[in-house]
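Asks: here is my input, please return the structure:
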Amino acid sequence: MEIVPIDRGFRQAETFFNDLLFKLEFNSILPSDLKLLKLVEARHQNPDFESELAEFICGEANNNFPYRSSYFITKFFKDLGFDFSHDGSTRRFWVRDVLLELSINEISLVIEKGLFNKRDFRKEAKENGTDQAENYKNAITEFKEFFDESLAADSSIDLSFLLDFNLNTELLFHNTITTKDNVLNQLIQEAKDRFFIPEDQQIALEKLWDAFERLKTYFEGNKKESSSKLVELISKEFNSEIMESEFKILTKIGNDYRIRHHETYKKELNKKEHTYYLFFRMLSLIDLCLSSIETNENITN
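Replies: Now for the predicted structure:
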């Protein structure tokens, strides 16, 4: 059984509880917090998280990362602002113990600024006569596999519905809505807010489709003219026929299913997977429209 020094054990325990506190207090609107939340989850789901990350840092023979001797391991942490010096013990075990003491913010720093520092990949490629770009690409792929496997290590993730989304979806979900149409802004925001309440997801879908119909009248003129202008706007450097088809398909779905209309002959959405699919498909289209409108208004103003 490995004996951990008391002071180091206290620091590792403090780090664990600080991670738990972060999960309770994280700000879902901040992209930085959402990123750290995923990192915390990977860390807590995978009991070997620090050990495997340590192997990447050391550059073990079975991975795609630059090899680091004792001197360069110390330099690795010093360059990041940490006061750690390798004591001559087995490198990967020593690095693992250091990582166990670091907060989730510090782990993020180690990965972004240390593990994927291109200077180290360039040095390694020059010494070994290998392709730096290829090495870097392979390292990213290997790390992504490690990260995904860490998240899936325990199927019983103890988090709220919000945390089932991937990071890109979360950032899309928390985009700020600031068009000149306050009613449109309110419809979209209400749809997002209600979607997190399971019993309100049908209402959330209705509000999002209402927002879509209102969005079609954003520009002056009748609805058809305004919609055409919007399609033209979001189709720049893309295929306008595809975007026009997307408008028509989502309009038809809203009319055929019990989303905006509630006549008895309207089709029901009985599977939550279909509700999720339609909600995020529509949310993605609306987000594209809003970003295109914002860009266009910035140019013309």
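
Asks: this protein: helices as residue ranges?
Replies: 6-25, 31-45, 49-58, 70-79, 91-101, 104-109, 118-128, 132-151, 167-173, 182-195, 201-215, 223-234, 240-256, 272-300 (DSSP state H).

Asks: which of these sits closest to residue 265?
Replies: helix 240-256 (9.8 Å; C-beta to C-beta). C-betas here are computed from N, CA, C, even on glycine.

Asks: got the contact list for that closest one?
Replies: Contact with helix 240-256 is made by 209, 212-213, 216, 227, 231-232, 234-235, 259-261, 266-267, 278, 281-282, 285, as judged by C-beta atoms under 8 Å, 6 or more residues apart in numbering.

Asks: can you give me the buried ones in it?
Replies: In terms of neighbour count (16 or more other C-beta atoms under 10 Å), helix 240-256 has its buried residues at 243-244, 246-247, 250-251, 253-254.

Asks: just put the helices of the chain in JSON lines and tack on distance to residue 64.
Replies: Below are the helices of the chain laid out as JSON lines (distance: least, C-beta to C-beta, whole Å):
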{"stretch": "helix 6-25", "distance to residue 64": "28"}
{"stretch": "helix 31-45", "distance to residue 64": "19"}
{"stretch": "helix 49-58", "distance to residue 64": "9"}
{"stretch": "helix 70-79", "distance to residue 64": "17"}
{"stretch": "helix 91-101", "distance to residue 64": "16"}
{"stretch": "helix 104-109", "distance to residue 64": "20"}
{"stretch": "helix 118-128", "distance to residue 64": "9"}
{"stretch": "helix 132-151", "distance to residue 64": "4"}
{"stretch": "helix 167-173", "distance to residue 64": "23"}
{"stretch": "helix 182-195", "distance to residue 64": "39"}
{"stretch": "helix 201-215", "distance to residue 64": "43"}
{"stretch": "helix 223-234", "distance to residue 64": "39"}
{"stretch": "helix 240-256", "distance to residue 64": "38"}
{"stretch": "helix 272-300", "distance to residue 64": "33"}
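
Asks: mean pLDDT for those - can I get that in CSV?
Replies: As requested, these are exported to CSV (pLDDT from 0 to 100):
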stretch, mean pLDDT
helix 6-25, 56
helix 31-45, 78
helix 49-58, 94
helix 70-79, 95
helix 91-101, 93
helix 104-109, 88
helix 118-128, 90
helix 132-151, 88
helix 167-173, 54
helix 182-195, 89
helix 201-215, 93
helix 223-234, 93
helix 240-256, 93
helix 272-300, 88
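
Asks: to residue 85, which of those helices lies closest?
Replies: helix 70-79 (5.0 Å).

Asks: can you name every helix or strand that that closest one contacts?
Replies: Packing partners of helix 70-79 (3 or more C-beta pairs under 8 Å, 6 or more residues apart in numbering; DSSP states H and E): helix 49-58, helix 91-101.

Asks: circling back: please check the contacts of helix 240-256 and keep the buried ones.
Replies: Among the contacts of helix 240-256, the ones that count as buried by 16+ other C-beta under 10 Å are 209, 212, 216, 227, 231, 234, 259-260, 278, 282, 285.

Asks: residues contacting the closest residue to residue 57 other than its chain neighbours?
Replies: In space, not counting the residues next to it along the chain, residue 57 is nearest to residue 95; the distance is 5.3 Å by C-beta to C-beta, 6 or more residues apart in numbering. Applying C-beta under 8 Å, 6+ apart, we find residue 95 in contact with 54, 57-58, 73.
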